[in-house]
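In: could you look at this predicted model? Sequence included:
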Amino acid sequence: MTKKVLIIGAGVAGLSAGIHACRNGYEVEIFEMHNLPGGLCSAWEKKGYIFDGCIHYLFGTKPGSQFNRLWREVGALSDVEIINQDIFMNIEGGPGKVVHIYSDLDRLEKHLVEQFPEDEAVIRKITGAARAFSKIKTPMEKPEELYKFWDLPPMLLTMMPLFKVMGQFSRVSIAEYLKQIKDPFLKEALGLLIPTGYSMISLISVLASLHSRDAGFPQGGSLKFAQSIERRFLELGGRINYRSRVIEILIENSRAVGLLFEDGTEVTGDIVISAADLHHTAFKLLRSKNLTPLIKESFVNLPTYTSVQVSLGIDCDLSGEAKSVAVKLDKQIALGNKQNNYMCLTNLSFDSTLAPAGKSVVRAILFSSYEYWEVLAKNKERYREKKDNLANQVIKEVEKRFPSTKGRIEVIDVATPYTYNRYTNVYKGAYMAWIVPPDAGRFKIPKELPGLENFYQIGQWVAPPAGLPGSMLTGRHMIQIICSRDKKPFQNG
Ligand SMILES: Cc1cc2nc3c(=O)[nH]c(=O)nc-3n(C[C@H](O)[C@H](O)[C@H](O)COP(=O)(O)OP(=O)(O)OC[C@H]3O[C@@H](n4cnc5c(N)ncnc54)[C@H](O)[C@@H]3O)c2cc1C
């Protein structure tokens, strides 16, 4: 008898699980509270401008790369132009102080060594590690849960070149590692590339993927990307129910048996997979039952990364301008307990589909605490006022950096961590999953809960820090595990 799989959430994890489940002979229904696929991987349209809420760079954009193959399995990236940048970011620290983060590692190394000769040794260590990393294939297609002892020797062999790099960079945070850099501007600049709480290996892997052109931007952006995955799911016979907010996972005799919706209706199935946010699933949908201490403690002890995004629709062609700039602010901007000394601006005119002809979108990102906006949101006027104030500060910086935009800003959009939470239920509007301290040792949130059968959790929180590729992979892995339990060979094509 065909088993029925119920999936909560049509983010990339839920869609990926849905696709692999359909392909392996399960009957699949996804329930999504929003009216669109993608979850955090989304975009919204205002007066002809597309404000992209997610992708800055996507691992797996290079044809033939490991993640590229996995993206193609779920219907993404096969017929889309990939936009790679020669310069990942320009960091402008004041008059005469500019660092270009070139995607090409040789160019980057030369540029940095020329500018900061006293830091040559550490620059070469970083670029050398990234070069080595760019040549390595990490085993990822098979879930750890299915490893057999005979998988280990070939795996160790593939991983061998990685051990040296991992040994040097995986147990230290970016912030800690950068302390050895002598030049304060270089230290500041390298600390702007990704959040400095992550392990240094995360920065190495970003530099490596940029170098091998495997971290590009799919033309059309996040929503179009998510829609291509949704299309594959529907083609394979899956069903999606939009505007279907689950309020409880139904349990009978320690087995998940179905879902309860806010309109009071219920649906039953053989397997329940939550691809919705873990905190929401654990504390709301499961009523805090069957949780492990690790889940509870992680939400108390581990930090997450949250930001505000201000997007501007501008009646001005910025295609000849820099694509990504971090500008040093004359005056720090504090949002809750997060201070911003720089404002990161992305000029999205590299993708002509995101704005009407001759016009441009510029997006600013600032760190912010979630609580700051959550408290403000209790008073709509104050919330709006703070959003307007922030937008004005961004406009000032954009007009300063791109003078041709002066007086030509047509549309303003501010998405706070509170906005992200409201639209997707993501815990505290988090950008990705927790920032796990690099010295925390092995950290793994299991996809199953003790004493609860037929229930599985996937998505970014079971593979921190995840991001889109990691989240997609949790969906595939889940179905591989389910197939193995049902004694079926896993089909991926
Ligand atoms: C601003 C921002 C920028 C980012 N940039 C990048 C980037 O450049 N590259 C990258 O790789 N990653 C990026 N990420 C991270 C990436 O978006 C996430 O890691 C990934 O999208 C998580 O996918 P997911 O499927 O696990 O969860 P989600 O996308 O959160 O999907 C969960 C889905 O479940 C639905 N849902 C929740 N509760 C319910 C309920 N009760 N009933 C029904 N449906 C429900 C939600 O609406 C949502 O659709 C970014 C994230 C943010 C916020």
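Out: Sure thing, it's come through.

In: is it correct that residue 366 is in contact with residue 333?
Out: Yes - under the criterion of C-beta atoms under 8 Å, residue 366 makes contact with residue 333 at 6.1 Å. Bear in mind the C-beta positions are built from the backbone N, C-alpha and C, glycine included.

In: who touches both of the two?
Out: Any residue near both residue 366 and residue 333 by C-beta atoms under 8 Å, 6 or more residues apart in numbering counts here, and that gives 340, 343, 390.

In: could I get those residues as CSV with secondary structure?
Out: Formatted as CSV, those follow (DSSP: H, G, I helix; E, B strand; the rest coil):
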residue, secondary structure
340, strand
343, strand
390, helix
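
In: specify which member of those is nearest to residue 380.
Out: Taking C-beta to C-beta as the measure, residue 380 sits nearest to residue 390 out of those, at 15.9 Å.

In: residues near the closest one, how many?
Out: 20 (other C-beta atoms under 10 Å).

In: correct me, but it touches residue 307?
Out: No - shown here, residue 390 and residue 307 do not form a contact pair, counting by C-beta under 8 Å, at 11.7 Å.

In: mind listing the helices for the stretch 101-250 of the chain?
Out: With DSSP state H, counting those that start in this stretch as the criterion, the stretch 101-250 of the chain has helices at 105-115, 120-134, 152-169, 174-178, 184-190, 200-211, 221-235.

In: can you name the residues in contact with the second one?
Out: Outside helix 120-134, the residues within contact range by C-beta under 8 Å, 6+ apart are 105-106, 108-109, 112-113, 116, 161-162, 164-165, 168-169, 180-181, 186, 190, 203-205, 207-209, 211-212.

In: do the fifth one as well
Out: The contact list for helix 184-190, computed with C-beta under 8 Å, 6+ apart, reads 91, 93, 97, 99, 101, 112, 115-116, 119, 123, 126, 174, 178-179, 181, 203, 326, 341-342.

In: let me see the mean pLDDT of that helix.
Out: What helix 184-190 shows for mean pLDDT is 98.

In: return the distance of it from the chain's centre.
Out: Relative to its chain's centre, helix 184-190 lies at 24 Å (C-alpha atoms, centre = their mean, to the nearest Å).

In: over to stretch 193-202?
Out: On C-alpha atoms, centre = their mean, the centre of stretch 193-202 falls 14 Å from the chain's centre.

In: report the buried residues of stretch 271-288.
Out: The neighbour-count check on stretch 271-288 (16 or more other C-beta atoms under 10 Å) flags 271-286 as buried.

In: and what of stretch 106-126?
Out: 108-109, 111-112, 115-116, 119, 122-123, 125-126.

In: tell me which residues are up against the lowest-mean-pLDDT helix or strand in the chain.
Out: Lowest mean confidence among the helices and strands of the chain (mean pLDDT, DSSP states H and E): helix 152-169, at a mean of 83. For helix 152-169, the surrounding residues in contact (C-beta under 8 Å, 6+ apart) are 125, 129, 132-133, 135-139, 147, 177, 199-201, 204.

In: angle of it against helix 200-211?
Out: Interaxial angle, helix 152-169 versus helix 200-211 (axes from the mean of the first three to the mean of the last three C-alpha atoms, to 10 degrees): 100 degrees.

In: any shared contact partners between residue 390 and residue 307?
Out: Counting by C-beta under 8 Å, 6+ apart, the residues touching both residue 390 and residue 307 are residue 366.

In: separation between residue 12 and residue 438?
Out: Distance, residue 12 to residue 438, using C-beta to C-beta, to the nearest Å: 25 Å.
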